[in-house]
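Novice: sequence first, predicted model second:
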Amino acid sequence: MRHYPLKRSTLKKPGFDWVQIALLVWIGVLGAAERAAAHHPVGGRTPANVWEGLLSGFAHPVIGFDHLAFVVAVGLLAANLVRGGFIPVAFLLTAMVGTGIHLLAINLPMTELAIAASVVLFGAMLIGQYRLDYKVLTGLAAIAGLFHGYAYGEAIIGAEMNPIAAYLLGFTLIQGIIAFGAMMASQLILKRWSENALAILRVVGLAICSVGVMFLATAIVG
């Protein structure tokens, strides 16, 4: 029996490069999240006019890294589903409702825990590539939207009606752009890099899940 020597390239461990990339993404994401948490739009004060309300609305979903991670996850999970566009739309609508709940002084318990848990859950679904029905994901996104929106409401307690309206418009627009942008990016990845698409999405899912775990630990510890 003849033996053929293995080529050196066949000895390379599969997925090794992706593990390295995932670790780098994880470190970078956690560092960015920590820096973002220390910054607030309009100096952290209550918006006093339409411009400040709009600016604060644009900024909060971006500098709040748990919110940003969740919105990206919503878009990525919706990308490969029939009627997936309903998922981010449901989140956007209930986020506005959640803000209204806060403004009406109705208590929504364990908000930070629920937000962090939603990030972990959606990140984990990206890692595991679970294909849930769009109705289930729409329901989960809608529930999460109430808690994310409730958290957004804290920034405009005591504001006048015009800044509040501008704030709602701002965070709805920016989250819609991010979510649907993530959807299109995911579709592009699946189309152009079909062989590595799932690995790429898993790396992003790991980064999102890591953000959620960090915020969940912070919420639990207090």
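Specialist: Structure's in. What do you need?
Novice: center of this structure - which residue?
Specialist: residue 70 (1.7 Å; Cα atoms, centre = their mean).
Novice: after the helix or strand that contains that residue, which helix or strand is next? Please name it.
Specialist: Per DSSP states H and E, residue 70 falls inside helix 65-78. Scanning forward in sequence from helix 65-78 by DSSP H and E, the next helix or strand is helix 86-103.
Novice: after that next one, next one along is what?
Specialist: helix 111-128.
Novice: tell me the helices and strands packed up against that following helix.
Specialist: helix 65-78, helix 134-153, helix 197-221 (3 or more Cβ pairs under 8 Å, 6 or more residues apart in numbering; DSSP states H and E). Glycine gets a C-beta too; all of them are placed from N, C-alpha and C.
Novice: buried set for it?
Specialist: By neighbour count with 16 or more other Cβ atoms under 10 Å, helix 111-128 contains the buried residues 111-112, 114-120, 122-127.
Novice: ditto for stretch 73-90
Specialist: Under the neighbour-count criterion of 16+ other Cβ under 10 Å, stretch 73-90 has 73-79, 81, 84-90 buried.
Novice: wait, isn't residue 164 in contact with residue 103?
Specialist: Yes: counting by Cβ atoms under 8 Å, residue 164 does reach residue 103; the two are 7.2 Å apart.
Novice: so between these two, which is more surrounded?
Specialist: residue 164 (22 against 17; other Cβ atoms under 10 Å).
Novice: give the contact list for the more buried one.
Specialist: Residue 164 makes contacts with 53, 103, 156, as judged by Cβ atoms under 8 Å, 6 or more residues apart in numbering.
Novice: residue 197: how many residues sit nearby?
Specialist: Neighbour tally, residue 197, other Cβ under 10 Å: 17.
Novice: any idea how far it is from residue 134?
Specialist: Taking Cβ to Cβ, to the nearest Å as the measure, residue 197 and residue 134 are separated by 20 Å.
Novice: try residue 51
Specialist: As judged by Cβ to Cβ, residue 51 and residue 134 stand 37 Å apart.
Novice: looking at these two, which one has more neighbours?
Specialist: The neighbour count for residue 51 versus residue 134, taken as other Cβ under 10 Å, is higher for residue 134 (18 against 12).
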